[in-house]
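Participant: Structure for this input, please:
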Amino acid sequence: MENATRALARFYVQAHNPKTNAALWCALPSAGEVEQFAYCAHNWWLARGGVDTHAEGSKRGMEDHRRLGKAQEGVEREKKEYRYAWQAALSIILLALSGVLAAIALQLRGRADVTALVVVAIVLALGSSGLLTLALFAQAEAQRRTRRAGLVPGHLVASDLAGEAPLLKDSTWDLAGRPDYILQTRTGPVPVEVKTGRTPDRPHRSHQLQVACYLRLLEASGKVPEYGIVSYPQGVFRVEWSDALRADLQKTLDAMRQAEADGRADRDHDQAARCRGCARRDACDQKLA
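Facilitator: Just a heads-up that it's a prediction; the model follows:
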């Protein structure tokens with residue numbers, strides 16, 4: 001009864017707090033909270049208490065995400081243009097081919113002068129070649145923009161960078177979140193989480209757990225994800241949806257719920273460098289540096 005009362009009170013406070021992330025209204029914790037907790041439990045606790053981030057790194061990160069969102073919109077426009085151009089060129093080629101076949105049939109039967117029909121077919125063929133050229137240019141431009149922006153290439157189905165990603169929910173694990181974007185591949189959906197800071201030798205555990213949240217959320221929605229991606233400025237890492245990662249996510253969620261029950265979460269690391277890079281360092285009463 002005590003836990004149920006605490007959960008109800010927490011929901012009421014969160015729902016009436018204007019600073020609360022909208023994702024938290026439907027399910028707690030969110031994927032972002034899991035990343036915060038894995039980075040530092042006390043950082044997560046401060047965030048839950050309403051401590052905002054004022055670090056320059058956080059501001060740059062938000063600006064970089066907005067920039068990536070605009071770049072992604074440009075890439076998708078280029079993709080639409082070359083798809084339309086390909087489709088139009090194919091339609092015109094088929095029309096020209098039909099004209100040529102009709103001209104041949106009429107010529108064989110000796111029923112009419114087919115010169116005009118052949119000329120029209122040639123004009124249509126030339127027009128289609130022009131459209132194909134435009135399609136190739138548009139495709140090359142989309143690929144160039146993708147590389148320049150540092151986006152992961154693929155078939156985009158949803159993007160929070162552009163503010164169009166749906167909120168994913170899982171009532172079984174009491175979890176919610178929005179990946180930065182989702183790509184569709186032959187093996188299933190692939191959530192991509194963008195990190196704009198320094199590129200590590202391997203993805204940080206906190207970032208892997210954030211991707212694990214999205215993998216679980218996609219799984220709960222009926223999809224069958226095999227892996228997710230953490231994209232850094234100088235490197236892209238694949239995060240397999242393995243039994244070990246699933247267990248680590250469950251363990252982290254249990255620890256977060258235990259912290260809620262205890263009413264506190266202390267710093268759980270001894271790394272001064274992590275404190276120096278923390279976005280809530282100025283407000284932290286347990287910082288090492």
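Participant: how far does stretch 74-91 sit from the chain's center?
Facilitator: Distance of stretch 74-91 from its chain centroid, counting by Cα atoms, centre = their mean, to the nearest Å, is 23 Å.
Participant: buried stuff in that stretch?
Facilitator: Residues of stretch 74-91 classed as buried: 75, 78-79, 81-82, 85-86, 88-89 (neighbour count, 16 or more other Cβ atoms under 10 Å). In short, each C-beta sits where N, CA and C put it, glycine included.
Participant: Take that stretch, keep the C-alpha atoms, and write them as PDB.
Facilitator: Output of stretch 74-91 as PDB, limited to C-alpha atoms (Å, rounded to 0.1, in the frame of the first residue of the first chain):
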ATOM      1  CA  GLY A  74      17.000  18.500 -46.100                       C
ATOM      2  CA  VAL A  75      18.100  14.900 -46.700                       C
ATOM      3  CA  GLU A  76      14.500  13.600 -46.700                       C
ATOM      4  CA  ARG A  77      13.500  16.400 -49.200                       C
ATOM      5  CA  GLU A  78      16.300  15.300 -51.500                       C
ATOM      6  CA  LYS A  79      15.200  11.700 -51.200                       C
ATOM      7  CA  LYS A  80      11.600  12.600 -52.100                       C
ATOM      8  CA  GLU A  81      12.900  14.500 -55.200                       C
ATOM      9  CA  TYR A  82      15.000  11.700 -56.600                       C
ATOM     10  CA  ARG A  83      12.200   9.200 -55.900                       C
ATOM     11  CA  TYR A  84       9.700  11.300 -57.800                       C
ATOM     12  CA  ALA A  85      12.200  11.800 -60.600                       C
ATOM     13  CA  TRP A  86      12.900   8.100 -60.800                       C
ATOM     14  CA  GLN A  87       9.200   7.300 -60.900                       C
ATOM     15  CA  ALA A  88       8.500  10.000 -63.500                       C
ATOM     16  CA  ALA A  89      11.400   8.800 -65.700                       C
ATOM     17  CA  LEU A  90      10.300   5.200 -65.500                       C
ATOM     18  CA  SER A  91       6.700   6.200 -66.500                       C
END
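Participant: tell me the mean pLDDT for it?
Facilitator: Mean pLDDT, computed over stretch 74-91, is 82.
Participant: returning to what we had before: narrow the buried residues of stretch 74-91 to those in helices?
Facilitator: Residues of those located in helices (DSSP state H): 75, 78-79, 81-82, 85-86, 88-89.
Participant: circling back to that earlier point, distance to Tyr181 for the buried residues of stretch 74-91 - can I get that in TSV?
Facilitator: Below are the buried residues of stretch 74-91 laid out as TSV (distance: Cβ to Cβ, whole Å):
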residue	distance to Tyr181
Val75	11
Glu78	16
Lys79	14
Glu81	20
Tyr82	20
Ala85	25
Trp86	24
Ala88	28
Ala89	29
